[in-house]
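Asks: here is a sequence with its predicted model. Questions after.
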Amino acid sequence: MNIQTFTLTVAASRDTVFNFLADIENLPKWAGEYCEQISLQRGRWWAYTVDGEQVVDMETSAGTGVIDWRAGPLPERMTLTPIRVMTLSTRRTLVTFTLIEAPDHSPEMFIRRCQILREAIKGLLRRFDGGEFHAPDSTPQLLELGLN
């Protein structure tokens, strides 16, 4: 199983960043490369994504800065992507995204998800007027070595 963590820092308060990311309706605003549109249907959120229609949901905790975002083709087949939003200073926030390879996905699909998240993070940097993206470039190398 492959697991990859991406980190960024932005020049905005933790509350501003958390509230933006924790609002599921903002998904197309920052992850437009992944999610074109989101809608509420029969009590569930559905996203129109590069992988087709997917059910999405979030569990959030403003106090801890935890956002557990899940997406998948069916409610019982959703993959968890933990997001953490942490204060560095009054105007500096650290955000981490951890991608976890789903059991039914190939390593190639995982690499594609990593590339899509990288693009989404660039959107967040634009949204918050800059910052820094801190991501290891090791995913393809780890896969080639069989270290997953």
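Replies: Thanks, I have it.
Asks: so in that sheet, which strands flank the helix or strand encompassing Asp68, and in what orientation?
Replies: Assessed by DSSP states H and E, Asp68 sits inside strand 66-72. When pairing is defined by DSSP bridges, strand 66-72 lines up against strand 52-61 (antiparallel), strand 79-89 (antiparallel).
Asks: residues touching Trp69, list them.
Replies: Val56, Asp57, Met58, Leu80, Thr81, Pro82, Ile83 (C-beta atoms under 8 Å, 6 or more residues apart in numbering). Heads up, the C-betas are built off the backbone N, CA and C, glycines and all.
Asks: so how far is Thr90 from it?
Replies: Separation of Trp69 from Thr90 (C-beta to C-beta, to the nearest Å): 26 Å.
Asks: put the alpha carbons of the strand holding Asp68 into PDB.
Replies: Provided in PDB are the C-alpha atoms of strand 66-72 (Å, rounded to 0.1, in the frame of the first residue of the first chain):
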ATOM      1  CA  VAL A  66      -8.900  17.700  11.500                       C
ATOM      2  CA  ILE A  67     -10.700  17.100   8.200                       C
ATOM      3  CA  ASP A  68     -11.300  13.500   7.200                       C
ATOM      4  CA  TRP A  69     -12.300  13.600   3.600                       C
ATOM      5  CA  ARG A  70     -13.600  10.500   1.900                       C
ATOM      6  CA  ALA A  71     -14.500   9.800  -1.800                       C
ATOM      7  CA  GLY A  72     -15.400   6.800  -3.800                       C
END
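Asks: now list the buried members of the contacts of Trp69.
Replies: Buried by 16 or more other C-beta atoms under 10 Å: Val56, Met58, Thr81, Ile83, out of these.
Asks: the third one pairs with what?
Replies: Per DSSP bridges, the residues bridged to Thr81 are Trp69.
Asks: that one: what's it in contact with?
Replies: Asp68, Trp69, Arg70, Ala71, Phe97, Thr98, Leu99, Ile100.
Asks: looking at the strands paired with strand 66-72, which is closest to Ser13?
Replies: Ser13 lies closest to strand 79-89 among the strands paired with strand 66-72, at 7.9 Å (C-beta to C-beta).
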